[in-house]
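Trainee: Model the structure of this input:
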Amino acid sequence: MKQQRGIDEESVLNEKRPQPVNALQVSDKNAEMSTLLDLSRFSLLPYKDQFSQLVILDSHNKLLHNGVEATLIQIREKFWIIKGRQCVKSTLNRCSLYKRYKVRPGTQETAPLPPDRVLMSPPFSMTGLDYAGPFFTKGSNDKHYLLLFTCATTRVLRLELVPSMTTL
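Mentor: You can find the predicted model right below:
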């Protein structure tokens, strides 16, 4: 860009308040807040430029092949890349280590259901028994137990209150 021509009024660059100083620099909206560290000015880099991609790869390698967000945050400390997120994504998708790290874990295949659960059978043809307790009931000082009948085919429960844990 030549200094005489300036920037078109419809350009995306006008949002970033460009100021030509050797390289084109832009200011962000927090320019007054960051005077000590001089974080208010960034060098503007074009989208899909070779230098932009080298900056992205350098930051990506320094961050040990971290993701798009971390790389973009690192880059934006010094540079502002037009369409930065898209440029970082397309550059990182060419990195083989990054592709290997961002792979999602595989899904586990579920085992087939046992035949007792799949075949048609009447309720309580396969039954499990269990006791729970002791419980104290109202109006009595005696111990009572809960007998649980579990149907293996329909998963139905039947509860019965019994006076003891004996089978008689």
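Trainee: Do you know the pLDDT at the spatially most central residue of the chain?
Mentor: Centre of the chain computed as the mean C-alpha position; nearest residue by CA atoms, centre = their mean is R104, 10.6 Å away. What the model reports as pLDDT for R104 is 77.
Trainee: can you check the one 3 residues further on too?
Mentor: T107 carries a pLDDT score of 84 in this model.
Trainee: element containing it, please.
Mentor: Assigned by DSSP states H and E, T107 belongs to no helix or strand.
Trainee: in this structure, which spans are strands?
Mentor: 18-21, 23-27, 41-45, 79-81, 127-136, 143-151, 157-162 (DSSP state E).
Trainee: Turn the ones you listed into TSV, including mean neighbour count, distance to V55 and mean pLDDT.
Mentor: Backbone N, C-alpha and C define where each C-beta goes, glycine included. TSV is the format used below for the strands of the chain (neighbours: other CB atoms under 10 Å; distance: least, CB to CB, whole Å; pLDDT from 0 to 100):
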stretch	mean neighbour count	distance to V55	mean pLDDT
strand 18-21	13	19	56
strand 23-27	16	13	57
strand 41-45	18	7	77
strand 79-81	22	6	88
strand 127-136	11	66	90
strand 143-151	15	65	91
strand 157-162	11	65	92
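Trainee: Would you format those as JSON lines with distance to P115 included?
Mentor: Formatted as JSON lines, these follow (distance: least, CB to CB, whole Å):
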{"stretch": "strand 18-21", "distance to P115": "73"}
{"stretch": "strand 23-27", "distance to P115": "69"}
{"stretch": "strand 41-45", "distance to P115": "65"}
{"stretch": "strand 79-81", "distance to P115": "61"}
{"stretch": "strand 127-136", "distance to P115": "16"}
{"stretch": "strand 143-151", "distance to P115": "16"}
{"stretch": "strand 157-162", "distance to P115": "22"}
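Trainee: Figure out which of those strands is closest to V118.
Mentor: V118 lies closest to strand 143-151 among those, at 14.7 Å (CB to CB).
Trainee: orientation of that closest one relative to strand 127-136 in degrees?
Mentor: If you take axes from the mean of the first three to the mean of the last three CA atoms, to 10 degrees, strand 143-151 sits at 160 degrees to strand 127-136.
Trainee: Show residues contacting strand 143-151.
Mentor: The set of residues external to strand 143-151 that reach it, using CB atoms under 8 Å, 6 or more residues apart in numbering, is 123-124, 126-137, 156-165.
Trainee: Recalculate using a threshold of 6 Å.
Mentor: Strand 143-151 is contacted by residues 123-124, 127-128, 130-135, 137, 157-163, 165 when judged by CB atoms under 6 Å, 6 or more residues apart in numbering.
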